[in-house]
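Q: Got a predicted model here, sequence first, then my questions.
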Amino acid sequence: MKSALKIVMLTSECVPYAKTGGLADVVGALPQTLRAMGHDVIVVMPRYGRIDGSKFGLQRHFESMGVWMGNELEWCAVDKGENDGVPVYFIESNKYFERAGLYHDENFNDYSDNPRRFGFLTRAGLQLCRDIGFKADIVHAHDWQTALASAYLRIWHWNDAALGRAASVLTIHNLAYQGKYSAADYDYLGLQWGNFTPDKFEDHGAMNFLKGGIVYADVVNTVSPTYASETRTPELGYGLAPYLNDKGSDYLGILNGIDYAQWNPAQDRLIPANYTAADLSGKAVCKQALQKRFSLQENANTPIVGVISRLVDQKGLHLLAEAIEEIVSNMDVQFVILGSGDKGLEWYFGSLPARYPGQIGAYIGYNNELAHWIEAGSDFFIMPSIYEPCGLNQIYSLKYGTLPIVRATGGLEDTVQQYDEAAGTGTGFKFLQPTASAIYYTVGWAVSTYYDRRHHILQMIRTAMAQDYSWEKSARQYVALYEQAMANKAARDGAAG
Ligand code: ADP
């Protein structure tokens with residue numbers, strides 16, 4: 001192995017302590033895999049009020065740590081825990097983190113001091129490295145919340161003993177969230193007014209955390225190669241495409257891994273029966289149980305299409321809503337829907353079982369056990385996303401032999417291979433147009449394949465179940481990314497020296 005790296009991950013969320021999205025899964029798994037490869041990784045995150053310190057065995061590490069914010073010295077405490085062997089440091093500040101939500105209140109209003117909260121978290125994370133003598137090779141930031149790390153390294157820490165040699169990496173989990181705020185807190189953040197220019201932090205008069213982070217980072221990545229290409233265009237670049245394009249080959253995509261300890265039909269303890277590609281009989285048991293649970297007609301030969309999703313615009317379920325009634329009216333197919341979010345979509349999907357009894361089942365809410373049941377018991381799994389940085393459910397579906405029907409965007413494009421009718425190869429069914437009719441015809445294609453070419457479906461199931469999206473594979477790509485960042489940093493230092 002090449003020499004071990006010292007890596008600090010700065011993050012606003014991490015499984016199992018606090019989660020609102022995929023970022024938490026990544027930071028809850030990638031450090032462990034890097035550690036198993038011999039690297040020295042620490043994680044720094046906020047000590048949110050809702051994190052139960054005794055449940056996770058957190059210990060006080062520093063009673064007080066001073067952090068310079070602009071011209072003010074702020075104080076916090078630091079707790080320490082361990083997540084599968086990886087040290088996790090928690091920045092404790094009642095003023096900033098002792099409240100119910102991570103980013104917003106119960107009415108979904110963003111906390112007005114978010115720029116201060118996450119600017120503080122980021123500077124505190126760097127200060128912590130100095131105070132514990134962690135001489136980082138890599139500072140790895142995630143999303144806008146910690147994106148300022150790359151700028152702080154260059155502005156404040158270029159010459160210090162703990163951080164002077166650190167290269168910076170920024171991972172974007174969803175480019176739509178950028179941390180764009182009025183410049184009122186710019187002084188507090190200590191970013192220097194000389195940098196408040198359109199090529200760095202300034203964005204139409206406001207300041208933009210993610211933009212500054214991108215500009216200063218040694219390398220930037222997102223969570224799939226196709227999403228990396230799409231975000232280089234005006235359509236999905238949300239105003240930042242020019243800055244991502246300026247990074248050249250220093251902006252790329254690395255697919256997330258998935259946790260096969262949780263999502264594997266051979267050993268999943270939440271599903272009615274286990275199964276493997278060699279013996280699919282357990283999958284038939286899961287299908288029958290799913291039909292029973294949702295009061296669907298118990299017919300082994302009627303294909304089931306599963307849906308598990310946040311009900312938000314990004315996921316394209318308003319398009320499915322436009323198509324689904326025509327689908328179930330014209331095709332012998334069943335749907336099982338699990339989701340929550342948009343109230344209008346919740347009401348609509350929740351009303352379908354009563355109108356199409358025996359053919360559509362729905363559960364409005366969040367239910368992890370049901371998610372496993374649907375992955376195991378369905379024949380197909382639909383994700384008509386408008387955009388999808390990586391996506392996890394389609395990767396779970398592959399493992400469960402539940403063929404994905406997806407819009408060819410982002411991580412969906414990268415992880416699902418299109419069915420080839422002549423050869424019988426592929427792992428799913430893809431369409432490009434974000435329309436109800438594209439969904440209608442692609443579901444029709446999958447359903448007719450199910451009825452007319454079952455041997456192809458079986459071959460696709462076997463190929464799908466053999467795919468490997470383990471964290472080991474992704475972590476190796478992250479190590480290559482870290483090396484690229486270190487080479488860029490060395491070249492930068494050489495040019496400066
Ligand atoms: P995103 O992170 O954009 O919501 P992903 O496909 O990457 O989409 O991940 C979604 C994760 O959340 C999966 O693990 C999925 O099983 C889970 N999930 C989403 N909605 C629900 C729900 N209503 N009940 C249970 N699990 C859900």
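A: Thanks, I have it. Numbering: from 1, shown residues only.

Q: what's the neighbour count on Asn107?
A: Number of residues near Asn107 (other CB atoms under 10 Å) recorded here: 6. From N, CA and C alone the C-beta is placed, and that goes for glycine too.

Q: same deal with Leu73?
A: Based on other CB under 10 Å, the number of other residues close to Leu73 is 9.

Q: and it, what does it touch?
A: Shown in contact with Leu73 (CB atoms under 8 Å, 6 or more residues apart in numbering): Gly66, Val67.

Q: where's it relative to the ligand, distance?
A: Separation of Leu73 from the ligand (CB to the nearest ligand atom, to the nearest Å) stands at 38 Å.

Q: Work out for me the element that residue sits within.
A: Here Leu73 sits within strand 72-83, counting by DSSP states H and E.

Q: buried sites along that strand?
A: Glu74, Cys76, Ala77, Val78, Asp79, Lys80, Gly81, Asn83 (16 or more other CB atoms under 10 Å).

Q: Stretch 271-279 too?
A: For stretch 271-279, by 16+ other CB under 10 Å, it's Ile271, Pro272, Ala273, Asn274, Tyr275, Ala277.

Q: Just name the closest of the residues you listed to the ligand, please.
A: Closest approach between the buried residues of stretch 271-279 and the ligand, by CB to the nearest ligand atom: Ile271, at 13.4 Å.

Q: ok, now how distant is the residue in the stretch 1-150 of the chain that the ligand sits nearest to from Met465?
A: For the stretch 1-150 of the chain and the ligand, the shortest gap (CB to the nearest ligand atom) falls at Gly22, measuring 4.1 Å. Using CB to CB, to the nearest Å, Gly22 is found at 23 Å from Met465.

Q: Check Glu346 too.
A: Distance, Glu346 to Met465, using CB to CB: 32 Å.

Q: between these two, who's got more neighbours?
A: More crowded of Glu346 and Met465, by other CB under 10 Å: Met465, with 22 against 16.

Q: Wait, that one touches Leu403, no?
A: No. The pair Met465 and Leu403 fails to qualify as a contact (CB atoms under 8 Å) at a distance of 10.4 Å.

Q: related to what we said a few turns ago, any idea which helix or strand comes after the strand holding Leu73?
A: Counting by DSSP H and E, what follows strand 72-83 is strand 86-92.

Q: thinking His61 is in contact with Glu82, fair?
A: No. The criterion here is CB under 8 Å, and His61 misses it with Glu82 at 11.7 Å.

Q: Report the residue ranges of every domain in this protein.
A: Domains of the chain are assigned by automatic domain parsing as 6-257+471-496, 281-465.

Q: Can you show me the strands along the stretch 251-400 of the chain?
A: 251-253, 304-311, 334-341, 360-364, 380-383 (DSSP state E, counting those that start in this stretch).

Q: can you list the ones you listed in CSV and add mean neighbour count and mean pLDDT?
A: Output for the strands of the stretch 251-400 of the chain, formatted as CSV (neighbours: other CB atoms under 10 Å; pLDDT from 0 to 100):
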stretch, mean neighbour count, mean pLDDT
strand 251-253, 21, 98
strand 304-311, 24, 96
strand 334-341, 23, 96
strand 360-364, 21, 98
strand 380-383, 27, 98
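
Q: possible to save these as JSON lines with distance to the ligand?
A: Formatted as JSON lines, those follow (distance: least, CB to the nearest ligand atom, whole Å):
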{"stretch": "strand 251-253", "distance to the ligand": "15"}
{"stretch": "strand 304-311", "distance to the ligand": "5"}
{"stretch": "strand 334-341", "distance to the ligand": "5"}
{"stretch": "strand 360-364", "distance to the ligand": "8"}
{"stretch": "strand 380-383", "distance to the ligand": "7"}
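
Q: Redo those as CSV? Include distance to Ile457.
A: Formatted as CSV, the strands of the stretch 251-400 of the chain follow (distance: least, CB to CB, whole Å):
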stretch, distance to Ile457
strand 251-253, 30
strand 304-311, 13
strand 334-341, 16
strand 360-364, 22
strand 380-383, 9
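
Q: And for Tyr441, the neighbour number?
A: 16.

Q: Kindly apply the preceding question to Glu421 instead.
A: Neighbourhood size, Glu421 [other CB under 10 Å]: 12.

Q: Would you mark the buried spots in the top helix by length along the chain?
A: Ranked by residue count and defined by DSSP state H, the top helix of the chain is helix 471-496. Going by neighbour count (16+ other CB under 10 Å), the buried part of helix 471-496 is 471, 474-475, 478-479, 481-486, 488-489.

Q: Tell me which other helices or strands it touches.
A: helix 22-36, strand 138-142, strand 167-172, strand 219-222 (3 or more CB pairs under 8 Å, 6 or more residues apart in numbering; DSSP states H and E).

Q: And the ligand, is the second one touching that?
A: In this case it means strand 138-142. No. With CB under 6 Å from any ligand atom as the criterion, the ligand is not reached by strand 138-142; the gap is at least 13.8 Å.

Q: mind listing what's buried in the following helix or strand past that strand?
A: Helices and strands here follow DSSP H and E; after strand 138-142, the next one along the chain is helix 143-146. Neighbour counts over helix 143-146 (16+ other CB under 10 Å) mark Asp143, Trp144, Gln145, Thr146 as buried.

Q: Number of residues surrounding the residue lying closest to the second one once chain neighbours are set aside?
A: Going back to what we said before, that points to Trp144. Nearest non-adjacent residue to Trp144, counting by CB to CB, 6 or more residues apart in numbering: Gly179, 3.1 Å away. With neighbours defined by other CB under 10 Å, the count for Gly179 comes to 21.

Q: give me every residue that touches Gly179.
A: Gly179 makes contact with Asn114, Pro115, Phe118, Trp144, Gln145, Ala147, Asn208, Phe209, Leu210, according to CB under 8 Å, 6+ apart.

Q: most surrounded residue in those?
A: Ala147 (30 neighbours).

Q: what about the residue of the stretch 1-150 of the chain closest to the ligand, distance to Asn264?
A: 19 Å.

Q: again with Val328
A: In terms of CB to CB, Val328 sits 31 Å off from Asn264.

Q: Kindly report the same for Ala149.
A: With CB to CB as the criterion, Ala149 and Asn264 are 35 Å apart.

Q: where does this protein come near the ligand, residue by residue?
A: Close to the ligand, as judged by CB under 6 Å from any ligand atom, the chain has residues 21-22, 308-310, 338-340, 366-368, 371, 391-393.

Q: Excluding covalently adjacent residues, which one is nearest to Ser182?
A: Counting by CB to CB, 6+ apart, Ser182 lies nearest to Ala206, which is 5.8 Å off, once chain neighbours are set aside.

Q: Is it possible to get a markdown table of the helices and strands packed on helix 471-496 that adds distance to Glu413 and mean pLDDT?
A: Formatted as a markdown table, the entries for these read as follows, by distance: least, CB to CB, whole Å; pLDDT from 0 to 100:
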| stretch | distance to Glu413 | mean pLDDT |
| --- | --- | --- |
| helix 22-36 | 17 | 95 |
| strand 138-142 | 23 | 98 |
| strand 167-172 | 17 | 98 |
| strand 219-222 | 13 | 98 |
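
Q: Output those in a markdown table; the columns should cover mean neighbour count and distance to Ala376.
A: A markdown table is the format used below for the helices and strands packed on helix 471-496 (neighbours: other CB atoms under 10 Å; distance: least, CB to CB, whole Å):
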| stretch | mean neighbour count | distance to Ala376 |
| --- | --- | --- |
| helix 22-36 | 22 | 20 |
| strand 138-142 | 28 | 31 |
| strand 167-172 | 27 | 31 |
| strand 219-222 | 26 | 30 |
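
Q: hang on, isn't Val443 packed against Val328?
A: No. Val443 lies out of contact with Val328 (CB under 8 Å); the separation is 9.8 Å.
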